[in-house]
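S.K.: would you be able to build a 3D model of this:
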Amino acid sequence: MAPKKAKRRAGGGEGSSNVFSMFEQSQIQEYKEAFTIIDQNRDGIISKDDLRDVLASMGQLNVKNEELEAMIKEASGPINFTVFLTMFGEKLKGADPEDVIVSAFKVLDPEATGLIKKQFLEELLTTQCDRFSAEEMKNLWAAFPPDVAGNVDYKNICYVITHGEEKEE
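M.R.: Residues are numbered from 1 along each chain as shown. Okay, here's the model as predicted:
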């Protein structure tokens, strides 16, 4: 068995195999689906044109070349699936664990309902520290719409921040 391990290490795949161990199989599948959607020309590499096309399909028609180039330059080379997954791993690596983020929200929820008033959260996010722009607030409410009483489920927001997907009910 030892020769197999040595051979595997000698293959130099440590960087790429590590990225797959960072995610659950279901997450990898979801990232693969996202990659396939973004890779509009299906060549296995996400290009500037792929980004432009997918953003246009989502209604963002006036994206500047500089913005697209900046997105592409975030990668160390051509963006194949392994690089794509590595980029997400690096972004998520800096995120606090879910329980830490939930605890931060609980300070704002003295009754421990799991909910926070939209108006209150928006005021905090637009007036404190790294202030959210109007566009960022619009995107937040599109992704996490408040209920009819104007409450936001912060536990769901925390879950998505740390897992990248909504909980299945």
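S.K.: any regions of the protein where pLDDT drops low?
M.R.: Within the chain, the segments meeting pLDDT under 70 span 1-17, 93-95, 165-169.
S.K.: if we use 50, what do you get?
M.R.: Across the chain, the ranges flagged by pLDDT under 50 are 1-16.
S.K.: now the helices for it?
M.R.: Secondary structure of the chain (DSSP state H): helices at 2-10, 14-21, 25-38, 48-57, 65-73, 81-93, 98-106, 118-127, 134-143, 154-163.
S.K.: right, and Ile157 touches Phe144 too?
M.R.: Yes. Look at Ile157 against Phe144 with Cβ atoms under 8 Å: they come within range, at 5.4 Å. Bear in mind the C-beta positions are built from the backbone N, C-alpha and C, glycine included.
S.K.: list the buried ones in stretch 150-169?
M.R.: Using 16 or more other Cβ atoms under 10 Å as the test for burial, stretch 150-169 gives Asn151, Val152, Asp153, Tyr154, Lys155, Ile157, Cys158, Tyr159, Thr162, His163, Gly164.
S.K.: sorry, slip of the keys, the one I care about is stretch 24-42.
M.R.: Those would be Gln27, Tyr31, Phe35, Ile38, Asp39, Gln40, for stretch 24-42 by 16+ other Cβ under 10 Å.
S.K.: pull the residues that contact it.
M.R.: 20, 23, 45-47, 49-51, 53-54, 81, 84-85, 88, 163-165 (Cβ atoms under 8 Å, 6 or more residues apart in numbering).
S.K.: run the last query once more with 7 Å
M.R.: The contact list for stretch 24-42 (Cβ atoms under 7 Å, 6 or more residues apart in numbering) reads Phe20, Ile46, Asp50, Leu51, Asp53, Val54, Phe81, Phe84, Leu85, Phe88, Gly164, Glu165.
S.K.: give me the buried subset of those.
M.R.: Buried, going by 16+ other Cβ under 10 Å: Ile46, Asp50, Leu51, Val54, Phe81, Phe84, Leu85, Phe88, Gly164, out of the contacts of stretch 24-42.
S.K.: now for the last one: which residues touch it?
M.R.: Going back to what we said before, that points to Gly164. Counted by Cβ under 7 Å, 6+ apart, Gly164 has contacts Gln27.
S.K.: same check on the fifth one?
M.R.: By Cβ under 7 Å, 6+ apart, the residues touching Phe81 are Lys32, Phe35.
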